[in-house]
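S.K.: with the input below, show me the fold.
(chains A and B)
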Amino acid sequence: MDATPRELSYSQAIQEAMALAMEADERVFLMGEDIGVYGGAFQVTGDLVERFGADRVMDTPISELGGAGVAVGAAMTGTRPIFEFQFSDFATLAMEQIVNQAAKMRFMLGGEVSVPVVMRFPAGSGTGAAAQHSQSLEAWLGHVPGLKVIQPATPYDAKGMLLAAVADPDPVMIFEHKLLYKMKGPVPEGHYTVPIGKAEIRREGRDLSIVATSIMVHKSLEAAELLAAEGIDIEVVDLRTIRPMDRATIIASVKKTSRLLCVYEAVKTLGIGAEVSATIAESEAFDYLDAPIVRLGGAETPIPYNPELEKATVPQVPDIVAAARDLVRGKR
Amino acid sequence: MATARKLVDDTQTNLPFAYRQYSAAQLKEVLRKMYLIRRFEEGAEDSYTRGLIHGTMHLSIGQEASALGICMPLTTSDQITSTHRGHGHCIAKGADVKRMFAEFFGKTTGYCKGRGGSMHIADVSMGNLGANGIVAGGIPIAVGAALSAKRMKTGKVVVSFFGDGANNEGAFHEALNMASIWKLPVIFVCENNGYGMSTSTARSTAVKNIADRAAAYSMPGVIVNGNIFSEIAEASHAAVERARAGEGPTLIDSKTYRYRGHSKSDRNRYRTKEEIEDWISNRDPIALFEGELKDFGVIDDRGIDAIRESVRVEIEEGIEYAKASPSPELGDLERFVYTEQA
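M.R.: Numbering: from 1, shown residues only, chains lettered A, B, ... in the order given. Next up, the predicted model:
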C-alpha cells in the first residue's frame, strides 16, 4: 500500500474541481476568455474543452463587462457558471455587473432570486507583468455585502473551496495568486469541500500570530521556520476567506499569543490588515495584546516592471522575519 | 394566444396586424392594461406628491403601448429584464398592482419586500427578472438568461427592455455581440423616447436610428412606431418567432415619448412645452388605440367607460392595500443579503 498522498499543482487542483463539478451537475459550465483550445491564460482550464466540449467550456469575446453580466443572468436563471477573468485586474472592467448586479440582486428583489455564480481571478505580482496585470484587488470586492470573497492558499483548499463555491447559492469571488499555480501539494481524489468563511491555523505557536492571505501564508510559514531556530514560536493563521471573515479564529489566536502581525500582498492601507487589526481592537483580544499590531502589506505604488522594484513592492520573507522578530523581542 | 378566437378571419388582410391576430377580448384586455399602467403611474406620482412614497421614480406615461405590444407574444415562463422606467413592463408581464404599490410604499407585501422600490420592481413568478437602476445593466443579464434557456433547452425567450440612453453604454454593445455569435433567444427592445435624461439622441448617438446598431451585430434591426400597439406587437411576434426558432436575436427600436420628466428632479429645460403637448394631443398611445378599437367595432364608449372604472377601482384598492400592509422589521435589515442556509 502506498500511503503517500497524491500531489497536484494548485492549477491542476482547480481544473480537477471544475471537471468534477461539471461531471456532477449538468448546470455547471465555464465561461471566459481563451479558456477553450488555448487552455486559459494560465492553463488552468487546460484540456477541459476536449472533455466537455465548447458548449460547456465557452470562449467569450474580450468583453469582461458583458461576459460577467451574462454569467450573472445565467446564474439567476438556473445554471451555474464559473467565469474566469484572465487577470484579476480586469475586474475593473466588470465592476458594474459584480458590484451593482451580482452582489445586490438577491437583496434588491427581496430574496426572490439567488445568483450562484463563481468568478475566478488570477491575481498578484511576481510575474513581471507590470502595473495592469499584477494587482491584488480582493479587498475591493471584500467591501461589498452580497459577495463572498475567498483566497485559497494551497492546492487542497483550491479544489475544496472551488467545489464549495460552486455549491454555494450566492456569488463567490475566488482570488488565485498566479505564483501559486505551479505549487504542488496533497489533493485527495474525488469530491470534497472546504468551507467558505473558515480560517485555518497552518502552524501553531505561542509568541506571535501572523494572519496572512494567499501566497503570504507560505512566506509567513517560511519566516516562522527561520525564527523557530531563534526560539521564536509563531502561529500562522491562513485567513482563506476575507468575506465573511472568520473573526473567531483570529481573536482566539491573538488571545493565545498576545501579538498580531498581518501579512498580505495588496496595498497596505484601507485593506485586509485594517480589517483584521480592527477585529482585534474591537474584541476582548485587545486586552491581551503585549505589543502594537503591525501590518505588512504592499507599498503605496502601482506594481513596477523592474524585477527588483517589483519584489520590493510586496512583503518578502526577510521583511516578515524582521517584523516578527521585532514584535516578539519588544522592539515595537 | 393561438387558441383565442380572432377578431376577423384571415382573409381581411388589410387590417392592421393586431386586429387580425387577437380576439376582441384580448384587445379589450390590452386597453385595460394600458389604462392600468397609466393610472398606476399617476397613482404612484400622486402618492409621491402626498409624501406617502419617498425616493424617486421614473414614469413611462406615454410609452404604454410599447410595454404591452412587446409582451403580447410572451408566455408567463418567458422572461424580461427591465429598466429604471419599468413600471409598465412589470404590469404588462402580469404583475399585480397591489403588490407593486406595496413595494413603492416600502412594505413587506411588496414584490421585493420593501427592499427594492420603484427602481428594482420585479415579479420573478411572472418572469420579470427586475427593473434596474443601472443604464444597460439588465442587457447582459437578459443575454445570460437566454443562455440558460438555450443550455437547459427550456424554449424560453427573453426580452431586454432598455432606453435610448443605454445604446451608448459598452454593456449594450458587448451583450448584443454575444447574443448574436451564440444565436441566443433574446430580443433587445429599445424604448426610444428621444432623450437620455436631458440629452437628445441627436446629440448623443452617432447613428440616426438605434436600429442601425443592429447591422454591426448581424441581427435584424426593426423600427416601429412605439405609440401604435399593433406595430409593436407585430414586430414582437416576428422577433419571438425568430428567437424560438433558434435563429437568434432581434433589435427593436420602438420610437415613443415620455410625457413626464426623467425623474422627479427634472425641470424640463431641454424640450419645449409645445413638443410635449404635440405628443400628448396627437400621438397618445391610448387615444390612438382606443380610436382604432372603436373604428373596428371592438368596443364602444360604454365599454371604454367600464374599463376605466374597473381600473380606477383596482388602483384605489391597490393603494389601500399598500397603506394597510406592514413595514419591514428593523431587525430584518440584513435579510436577503445572502441566501439563508439550513
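
S.K.: wait, isn't A:Glu203 in contact with A:His218?
M.R.: No Glu there; residue A:203 is Arg. No - A:Arg203 lies out of contact with A:His218 (C-beta atoms under 8 Å); the separation is 11.1 Å. To be clear about C-beta, it is placed using only N, CA and C from the backbone, and glycine gets the same treatment.

S.K.: and the gap between B:Lys28 and A:Ala278?
M.R.: 63 Å (C-beta to C-beta, to the nearest Å).

S.K.: these two - which one has more neighbours?
M.R.: More crowded of B:Lys28 and A:Ala278, by other C-beta atoms under 10 Å in any protein chain shown: B:Lys28, with 18 against 12.

S.K.: leaving out the residues flanking it, which one is nearest to that one?
M.R.: Counting by C-beta to C-beta, 6 or more residues apart in numbering or on different chains, B:Ile299 is the residue found nearest to B:Lys28 once chain neighbours are left out, at 5.9 Å.

S.K.: close enough to count as contact, that neighbour and B:Glu292?
M.R.: No - between B:Ile299 and B:Glu292 there is no contact under C-beta under 8 Å: 9.9 Å.

S.K.: contacts only, for the residue nearest the centre of chain B.
M.R.: Taking C-alpha atoms, centre = their mean, the centroid of chain B lies closest to B:His89, which sits 2.7 Å from it. Taking C-beta atoms under 8 Å, 6 or more residues apart in numbering or on different chains as the contact definition, B:His89 lies against B:Ala67, B:Cys71, B:Ile80, B:Ser82, B:Thr83, B:Asn128, B:Ala131, B:Phe161.

S.K.: from chain A, how far off is the closest residue to it other than its chain neighbours?
M.R.: Counting by C-beta to C-beta, 6+ apart, B:Ser82 is the residue found nearest to B:His89 once chain neighbours are left out, at 4.2 Å. According to C-beta to the nearest C-beta, to the nearest Å, B:Ser82 stands 12 Å off from chain A.

S.K.: look at A:Glu112 and give its secondary structure.
M.R.: coil (DSSP: H, G, I helix; E, B strand; the rest coil).

S.K.: now the residue nearest to it when sequence neighbours are not counted: phi and psi?
M.R.: Of all residues not flanking A:Glu112 in the chain, B:Val124 sits nearest, at 4.4 Å (C-beta to C-beta, 6+ apart). Here is the backbone geometry of B:Val124 (degrees, to the nearest 10): phi -60, psi -30.

S.K.: just the strands in the stretch 201-342 of chain B please.
M.R.: Along the stretch 201-342 of chain B, counting by DSSP state E, counting those that start in this stretch, strands occupy B:221-225, B:250-255.

S.K.: wait, which of these is closest to chain A?
M.R.: Checking the strands of the stretch 201-342 of chain B against chain A by C-beta to the nearest C-beta gives strand B:250-255 as the closest, at 15.3 Å.

S.K.: for the spatially most central residue of chain A, give me its contacts.
M.R.: By C-alpha atoms, centre = their mean, chain A has its centre lying nearest to A:Gln151, at 1.3 Å. Residues in contact with A:Gln151 (C-beta under 8 Å, 6+ apart) are A:Glu138, A:Ile174, A:Phe175, A:Glu176, A:His177, A:Thr213, A:Ser214, A:Leu239, A:Arg240, A:Thr241, A:Ile242.

S.K.: one more: A:Asp319?
M.R.: With the criterion set at C-beta under 8 Å, 6+ apart, A:Asp319 makes contact with A:Leu296.

S.K.: okay, now the residue of the stretch 201-332 of chain A found nearest chain B: neighbour count?
M.R.: With C-beta to the nearest C-beta as the measure, A:Pro244 is the residue of the stretch 201-332 of chain A nearest to chain B, at 8.4 Å. Neighbour count for A:Pro244, taken as other C-beta under 10 Å: 14.

S.K.: chain A: helices as residue ranges?
M.R.: Per DSSP state H, chain A carries helices over the ranges A:10-24, A:48-52, A:64-76, A:91-95, A:105-108, A:138-142, A:155-167, A:215-228, A:247-257, A:272-281, A:307-313, A:317-328.

S.K.: what is the burial count for residue 183?
M.R.: Just so you know, I chose chain A. Per other C-beta under 10 Å, the neighbour tally for A:Met183 reads 18.

S.K.: my question was about chain B
M.R.: Neighbours of B:Lys183 (other C-beta under 10 Å): 15.

S.K.: can you check B:Phe188 too?
M.R.: B:Phe188: 31 surrounding residues under other C-beta under 10 Å.

S.K.: am I right that it falls within a helix?
M.R.: No - applying three-state DSSP, one finds B:Phe188 to be strand, outside a helix.

S.K.: quick check: the residue lying closest to it once chain neighbours are set aside vs B:Ser200, distance?
M.R.: Once flanking residues are discounted, B:Phe188 sits nearest to B:Leu251: 4.6 Å by C-beta to C-beta, 6+ apart. Note on B:Leu251: its distance to B:Ser200, by C-beta to C-beta, is 20 Å.

S.K.: and A:Leu296, by the same measure?
M.R.: When A:Leu296 is compared with B:Ser200 (using C-beta to C-beta), they lie 54 Å apart.
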